[in-house]
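S.K.: Pasting the sequence and the predicted coordinates here, then a few questions.
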Amino acid sequence: MSGMREADAMATIRARVLATGHATSLFLVVSYLACVAWDLLFPQYAMFEAWRALLPGFSWSWGGFLAGLAGSYLYGWWFALLWVPLHAHFLRRVGSAGDA
């Protein structure tokens, strides 16, 4: 029975990673697009230097724009791949401590 619970737990973690990865990546992509639009509308408040530091390959060109878009998307997956297993681990520890 323990093997079945472990398989269910792994399936749940995989589902959470997928959901978190897609949601976070989409959130960061939409935020990136909003920031690009903001910079185009209000260049005096541009965040160009910050983006160059945080998004490798970013520049004010189509290739740089796409590199920033891809970087934003990948940062969402990086977050999900780290956050969900860590969260699940600590949730199990807190849950088992609370059961005692």
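M.R.: Yep, it's here.
S.K.: which residues touch the residue nearest to the spatial centre of the chain?
M.R.: Compute the mean C-alpha point of the chain, and by CA atoms, centre = their mean the closest residue is residue 76, 1.8 Å away. Residue 76 makes contact with 21-29, according to CB atoms under 8 Å, 6 or more residues apart in numbering. Glycine gets a C-beta too; all of them are placed from N, C-alpha and C.
S.K.: try 10 Å
M.R.: 20-29 (CB atoms under 10 Å, 6 or more residues apart in numbering).
S.K.: For the protein, name the helix or strand with the lowest mean pLDDT.
M.R.: Least confident helix or strand, the chain: helix 48-54 with a mean of 85, by mean pLDDT, DSSP states H and E.
S.K.: Quick check: next helix or strand after that helix?
M.R.: Per DSSP states H and E, helix 48-54 leads on to helix 62-99 as the next helix or strand towards the C-terminus.
S.K.: Report all helices and strands that the lengthiest helix in the chain contacts.
M.R.: The longest helix of the chain (DSSP state H) is helix 2-41. Under the contact criterion of 3 or more CB pairs under 10 Å, 6 or more residues apart in numbering; DSSP states H and E, helix 2-41 touches helix 48-54, helix 62-99.
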